[in-house]
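1. Just the structure for this:
(chains A and B, ligands or ions: 2)
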Amino acid sequence: MAVEAVSTTLGSAPPPRRQRLLEDERWLAFALLVPTVVLLGMFIAYPFIRGIMLSVTNSRVGVEGEFVGLANYYKVWNDSIFRTAVYNTFFYTAVTSVFKLALGLWLAMLLNRNFRGKAFTRAFILLPFIIPTVLSTFAWKWMFDPTFSVINWTLYQLGAITGRINWLGDPDLAMASIIVVNIWRGVPFFAISLLAGLQTISPELNEAAAIDGAKPWHRFWYITWPLLLPVTMVVLLFSVIQTFADFQIVYVMTGGGPANATHLFATYAYQIGVGTGLLSEGAAISLAMFPILFLVVIVQLLYIRRVEVR
Amino acid sequence: MAQVVLKQINKFYDSVHAVKDVNLQIRDKEFVVFVGPSGCGKTTTLRMIAGLEAISSGDISIGGQVVNELAPMDRDIAMVFQNYALYPHMSVFDNMAFGLKMRKFDKSEIVTRVNHAADILGIQELLKRKPRQLSGGQRQRVALGRAIVRHPQVFLFDEPLSNLDAKLRVQMRVELKKLHQRLGTTAVYVTHDQVEAMTLGDRVVVMKDGWVQQVGEPLELYNQPANKFVAGFIGSPAMNFSTVTVTERDGGLTAVNGGMNIVVPPHLVDRLKPHANQQMTLGIRPEDLRVANGSDPAGLSFDSKVEVIEQLGSEILLDVRVGDGTMVASVEPTTRTKIQESLRLAMNPARLHFFDAKTEAAV
Ligand SMILES: Nc1ncnc2c1ncn2[C@@H]1O[C@H](COP(=O)(O)OP(=O)(O)OP(=O)(O)O)[C@@H](O)[C@H]1O
Ligand SMILES: [Mg+2]
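-> Ligands and ions are numbered 1, 2, ... in the order given. This next block holds a predicted model:
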């Protein structure tokens, strides 16, 4: 090192090659980026491309398969279960997102107030988010069980029903049930994220508005909501992506049933690709999600940019 | 426009007793300044007037109406916050118009009033900007504008100038004063800067630890401080204090300590008599000291040793040692002296202050 330093300061001999490379910003940037690029490539780009390649063959488990063009997509497009799954996914995402946002915002506003046991309550709220989804979903499954269900029992004791409700056996009720579970699981994320957003809004703004004559609802609508909007959009973006590709809740609760009525993209892709071994068709179903999610992301990111620039 | 009356106001935050038995009558059109060290309860008092903080006990009335139970919006007040609290997502115009919009004013009336306020404050060309595109001084003006468009009964200010640099603060201080003279709205102003308090206030309320120490016109506080705290807080540089023992001698009184032997001037003798042979605090302002000129009586002058010389141009501040204490003297700019030099200082007998050593009350 000492020798190198001397030679550079003297400027007589050219610095050694290694050092010259590191001083060149382009090389340095490249060197620093390599680990990220390798990781992203290995775990995201490669599987993605592999998925695309798989979806244009007719390979199955144990069978290499050969190129069939868009045949899988064509087949999937005409598959009525796939269409139900698409509809379900949109419905499921839309309904749960609206409820999660509304409930999460409401909770966040409550938690943003001062009260005894605030820290404890905030931690408590996070529970559904912390418990592994599969475990909590199993618990929910038992609660919805027609025979042993605590829900049925409660309703029965209250005199609201006379017979047993087969929650997961009826297509509409099954859909409603998984929606409830998804909302239960997703609200904490909204509540905590929005709470963090609320805490960045100076309380003085609300006080100023109160003195300015704004009633609570107006303070929310003219002050809190617009200032929280960028955070809301990011939270919503994450949630929509996650919900759209949701798998665990449906897989555990209904397995896509009854009679394939509650399949989502992910569960149907899994059932076709892994369950029945039609790998290429499963890949095609998964990939059908991609353009939609891509669009959602683009639209929301553009919107967030606009809100932030304002 | 209205008078504001605080009657026996107290505020408790759980165990913290932040404001204690505050009684105050603020007259119509008066500019009253609350001043005191950090944590003395100024902001809390102001926020109770605004309705942002509940009153633990006592009554507040504005314009003759008790407002204890009224929401801030129904008290007909406007407040300027220390950090301005401008709505960051609204233009300057919308910031100023918000209060009028909420009170369902006509569009045309809103435009007229906002433009008028913007004219007064010289922010016409900023109306379309967002708060973050403004400088500190401009934000301050917008915050003022938001307060004046509503023509409220009372203005409340919480350290509105403390985020500005020294020069801008002086400039805004003058503008605030002009604005008040022009609008004549009753104003309550909170600051911890005694210069602001003295220059802005028709009357000044000095607070400490939640207690009101003294209420009075600026010069009243300066000339007749009610206690040692007010005496030390008002005036810059601060009043010099030294502990003395008052003794009877030759039919008169003398205040004695290690470095001084002051003959108590006649107008104070009667008041100090009861304190004979007791320790007291003698207070004398730096500007009431000067270099002695030989003809000064021995009973009103003393020897000192110069320790620090601060040249301010218009005056010289000398930190001097007197006995085992130190004092600050403000002397003529032409005075020639050196560090460690002995200097005889004379005091203005009419401006001596004596405080009870225990209660610290002025005697
Ligand atoms: N929300 C609160 N909860 C508990 N104590 C408080 C609260 N707000 C103020 N206090 C206490 O009340 C006292 C007065 O506070 P206040 O804010 O009125 O002081 P201040 O005179 O405005 O001081 P500063 O010049 O620093 O603004 C302080 O001791 C403070 O710690
Ligand atoms: Mg304060």
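2. Let me see the contact set for the residue nearest to A:Arg60 when sequence neighbours are not counted.
-> Closest residue in space to A:Arg60, ignoring its immediate chain neighbours: A:Gly277 at 5.1 Å, by CB to CB, 6 or more residues apart in numbering or on different chains. Yep, even glycine has a C-beta here, placed from its N, CA and C like the rest. Taking CB atoms under 8 Å, 6 or more residues apart in numbering or on different chains, we find A:Gly277 in contact with A:60-62.
3. cool, A:Glu25 as well?
-> Here A:Glu25 is in contact with no residue (CB under 8 Å, 6+ apart).
4. could you pull out the strands for the stretch 151-300 of chain B?
-> B:154-158, B:186-191, B:203-208, B:211-216, B:240-249, B:252-257, B:260-263, B:279-284, B:289-291 (DSSP state E, counting those that start in this stretch).
5. chain center to the shortest one, what's the gap?
-> Here the centre of mass of C-alpha atoms in strand B:289-291, compared against the chain's by CA atoms, centre = their mean, to the nearest Å, lies 27 Å away.
6. Report pLDDT for residue 258.
-> With no chain named, the answer covers chain A. Note on A:Pro258: pLDDT of 85.
7. my bad, chain B
-> 81.
8. Tell me how many other residues crowd the residue lying closest to it once chain neighbours are set aside.
-> Once flanking residues are discounted, B:Gly258 sits nearest to B:Gly323: 3.1 Å by CB to CB, 6+ apart. The tally of other residues near B:Gly323 (other CB atoms under 10 Å in any protein chain shown) stands at 14.
9. Mark which of the contacts of A:Gly277 are buried, thanks.
-> A:Arg60 (16 or more other CB atoms under 10 Å in any protein chain shown).
10. just the contacts of A:Gly277 now: which is nearest ligand 1?
-> A:Val61 (65.8 Å; CB to the nearest ligand atom).
11. Not counting its neighbours along the chain, what's nearest the closest one?
-> A:Gly277 (3.9 Å).
12. ditto for B:Glu159
-> Nearest to B:Glu159 is B:Gln82, by CB to CB, 6+ apart, at 4.5 Å.
13. Distance of the residue nearest to A:Arg60 relative to A:Thr154?
-> Distance, A:Gly277 to A:Thr154, by CB to CB, to the nearest Å: 42 Å.
14. next one: A:Thr147
-> In terms of CB to CB, A:Thr147 sits 14 Å off from A:Thr154.
15. So the two - more neighbours on which side?
-> Using other CB under 10 Å as the criterion, A:Thr147 and A:Thr154 rank with A:Thr154 on top: 12 against 8.
16. that's a helix at the more buried one, yeah?
-> Yes - assessed by DSSP: H, G, I helix; E, B strand; the rest coil, A:Thr154 belongs to a helix.
17. Give me every residue in the stretch 1-150 of chain B lying close to ligand 1.
-> B:13, B:16, B:18, B:36, B:38-44 (CB under 6 Å from any ligand atom).
18. Buried by neighbour count, from those: which ones?
-> B:18, B:36, B:40-44.
19. about what we covered before: from the contacts of A:Gly277, pick the one nearest A:Met253.
-> Proximity to A:Met253 was ranked across the contacts of A:Gly277 by CB to CB; first place goes to A:Val61, at 26.2 Å.
20. give me phi/psi at the residue sitting furthest away from the middle of chain B?
-> Within chain B, the residue lying farthest from the chain centre (CA atoms, centre = their mean) is B:Asp250, at 41.8 Å. Dihedral pair for B:Asp250: phi 50, psi 40, per degrees, to the nearest 10.
21. How about B:Leu6?
-> Per degrees, to the nearest 10, the backbone of B:Leu6 is at phi -110, psi 120.
22. Which single residue of the stretch 251-363 of chain B ends up nearest ligand 1?
-> B:Glu360 (20.1 Å).
23. I'd say that residue and B:Asn227 touch.
-> Yes - counting by CB atoms under 8 Å, B:Asn227 is a contact partner of B:Glu360 at 5.0 Å.
24. from the contacts of A:Gly277, which is closest to B:Gly63?
-> When the contacts of A:Gly277 are compared against B:Gly63 (criterion: CB to CB), the nearest one is A:Val61, at 84.9 Å.
25. Against chain B, how distant is the closest one?
-> Counting by CB to the nearest CB, to the nearest Å, the gap between A:Val61 and chain B amounts to 56 Å.
26. same deal with A:Leu54?
-> A:Leu54 is 48 Å from chain B, by CB to the nearest CB.
27. Can you mark which positions in the helix or strand encompassing that residue are buried?
-> Per DSSP states H and E: A:Leu54 is located in helix A:46-55. By neighbour count on 16+ other CB under 10 Å, the buried set for helix A:46-55 is A:51, A:54-55.
28. Start and end of stretch B:196-216, how far apart?
-> With CA to CA, to the nearest Å as the measure, stretch B:196-216 spans 15 Å from end to end.
29. scratch that, stretch B:265-276 is what I was asking about
-> Start-to-end, stretch B:265-276 (CA to CA) is 14 Å.
30. Which residues does it contact?
-> B:246-248, B:252-253, B:264, B:280, B:300, B:349-350, B:352, B:354, B:356, B:363.
31. pLDDT weak spots in the chain?
-> Here I'm looking at chain A. Applying pLDDT under 70 to chain A picks out residues A:1-16, A:18, A:21-22, A:307-310.
32. should've been chain B
-> Ranges of chain B meeting pLDDT under 70: B:1.
33. so how far is B:Phe81 from A:Ser202?
-> A:Ser202 is 9 Å from B:Phe81, where distance means CB to CB.
34. More neighbours: the two, which one.
-> Using other CB under 10 Å as the criterion, A:Ser202 and B:Phe81 rank with B:Phe81 on top: 20 against 14.
35. Give the full set of residues in contact with that one.
-> The contact partners of B:Phe81, by CB under 8 Å, 6+ apart, come to A:204, A:207-208, B:143, B:158, B:160.
36. before we move on, the earlier item: among the strands of the stretch 151-300 of chain B, pick out the one with the most neighbours on average.
-> strand B:186-191 (a mean of 26; mean count of other CB atoms under 10 Å in any protein chain shown).
37. Which strands or helices does that one pack on?
-> If you count contacts as 3 or more CB pairs under 8 Å, 6 or more residues apart in numbering or on different chains; DSSP states H and E, strand B:186-191 packs onto strand B:31-35, helix B:42-50, strand B:154-158, helix B:194-200.
38. contacting residues around B:His180?
-> Taking CB under 8 Å, 6+ apart, one finds B:31, B:187, B:200 in contact with B:His180.
39. what's the nearest residue to A:Leu103 if we skip its chain neighbours?
-> Nearest to A:Leu103 is A:Val187, by CB to CB, 6+ apart, at 4.9 Å.
40. can you check A:Val235 too?
-> Nearest residue to A:Val235 in three dimensions, chain neighbours excluded: A:Ser193, at 4.6 Å (CB to CB, 6+ apart).
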